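>>> give me a 3D structure for the following:
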Amino acid sequence: MTVRAQQQLTFEAGKSGPVSALLVRPDAPRACFVFAHGAGAGMTHSFMEAFANGLCERSIASLRYQFPYMEKGSKRPDPPAIAHATVRAAVTKASQIFPGFALIAGGKSFGGRMTSQAQAATPLPDVRGLAFVGFPLHPAGKPSTDRADHLTKIELPMLFLQGSRDTLADVPLIESVVQRLGPRARLHMVDGADHSFHVLVRSGRNDREVMNEILDAFVGWAGVI
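Presented below is the predicted three-dimensional model:
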């Protein structure tokens with residue numbers, strides 16, 4: 001498959017000013033993932049890049065982007081209102097690039113949660129599903145499902161890609177959340193993976209194999225929504 005070069009873009013994130021974005025797409029994309037980064041690392045992190053490239057190899061484009069705090073080099077995440085406005089602006093940008101396309105929105109950890117909150121507040125235009133790459137259900141060591149309460153307001157299909165060793169999503173709790181959401185939610189649990197989707201050497205697997213597993217799960221889900 002021919003893959004177009006990664007394209008650098010910018011867009012206005014509401015009152016926060018311009019932020020950077022990276023567009024990766026195959027010659028004939030069948031969907032686009034609007035892909036937000038996690039709290040501690042921006043859109044150029046190796047995981048984000050590998051996920052975007054893997055989607056491209058599977059005929060799905062991606063638009064990953066910076067939240068304003070990351071664009072400014074700060075370590076403190078933006079307040080929800082600013083993050084939500086950025087998510088909405090990124091989705092609008094993707095709609096302009098791919099008019100009439102099926103958009104999927106979501107992200108890694110914090111980025112996925114900010115996307116779901118934005119969707120719960122006011123539906124994102126042209127978005128047909130939400131995908132969470134390690135949904136941060138609770139702080140480490142403080143199991144709770146409070147962060148998932150807003151998900152009940154979302155009517156779109158949702159995909160949860162989770163690791164069984166994720167300290168930010170206790171397995172029985174994330175399973176209960178997905179069960180409560182009913183048929184619109186799907187959980188793909190990666191045995192032995194942590195929040196960053198790393199696996200222990202003794203598992204007999206490596207991070208590349210795990211990446212392929214979650215990419216295939218994403219594409220399989222995206223093909224039926």
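>>> could you use CA atoms for every contact and neighbour count after this?
Will do.
>>> now do the SS call for Arg180.
helix (DSSP: H, G, I helix; E, B strand; the rest coil).
>>> so how many other residues sit close to it?
The number of residues packed near Arg180 is 13, by other Cα atoms under 10 Å.
>>> could you do the one 4 residues further on as well?
Residue neighbour count, defined by other Cα under 10 Å, stands at 16 for Arg184.
>>> against Phe33, how distant is it?
The spacing between Arg184 and Phe33, counted by Cα to Cα, to the nearest Å, is 18 Å.
>>> top helix in this structure by residue count?
helix 80-97 (DSSP state H).
>>> quick one: buried residues of that helix?
82-95 (16 or more other Cα atoms under 10 Å).
>>> ok, stretch 111-130 next?
Here stretch 111-130 shows 111-120, 123-124, 126-130 as buried, counting by 16+ other Cα under 10 Å.
>>> for stretch 43-60, same thing?
Quick answer for stretch 43-60 (16+ other Cα under 10 Å): 43, 47-48, 50-60.
>>> returning to that earlier point: out of the buried residues of stretch 111-130, which are inside helices?
Short answer: these in helices (DSSP H) are 111-120.
>>> give me the pLDDT for Ser62.
Ser62 is assigned a predicted lDDT (pLDDT) of 98.
>>> low-confidence ranges in this protein?
1-5 (pLDDT under 70).
>>> pretty sure Val219 contacts Arg58?
Yes - using Cα atoms under 8 Å, Val219 is in contact with Arg58, at 7.4 Å.
>>> rewinding a little: nearest to Arg76, of the buried residues of stretch 43-60?
Met43 (15.7 Å; Cα to Cα).
>>> how about Gly106: what's its closest non-neighbour residue?
Using Cα to Cα, 6 or more residues apart in numbering and skipping the chain neighbours, the partner closest in space to Gly106 is Gly112 (4.4 Å).
>>> contacting residues for that neighbour?
Contacts for Gly112 were tallied using Cα atoms under 8 Å, 6 or more residues apart in numbering; they are 36-38, 105-106, 131-133, 135.
>>> change it to 10 Å
The contact partners of Gly112, taken as Cα atoms under 10 Å, 6 or more residues apart in numbering, are 35-38, 87, 105-106, 118, 130-136, 160.
>>> looking at these, which are in helices?
Using DSSP H, those in helices are 87, 118.
>>> among the contacts of Gly112, which two are most distant?
Between all members of these, the farthest pair (by Cα to Cα) comes out as Val87 and Phe160, at 18.5 Å.
>>> so the residue of the chain lying at maximal distance from its centre versus Glu155, what's the distance?
For the chain, the residue at maximal distance from the C-alpha centroid (Cα atoms, centre = their mean) is Arg202, at 28.2 Å. Distance, Arg202 to Glu155, by Cα to Cα: 40 Å.
>>> going by neighbour count, list what's buried in stretch 64-78.
Here stretch 64-78 shows 64-70, 77-78 as buried, counting by 16+ other Cα under 10 Å.
>>> my read: Asp170 touches Ser164, true?
Yes - Asp170 lies in contact with Ser164 (Cα atoms under 10 Å); the separation is 7.9 Å.
>>> these two: who's more crowded?
A side-by-side neighbour count of Asp170 and Ser164, using other Cα under 10 Å, places Asp170 first with 22 against 19.
>>> run through the residues that contact that one.
Counted by Cα under 10 Å, 6+ apart, Asp170 has contacts 136-138, 140-145, 162-164.
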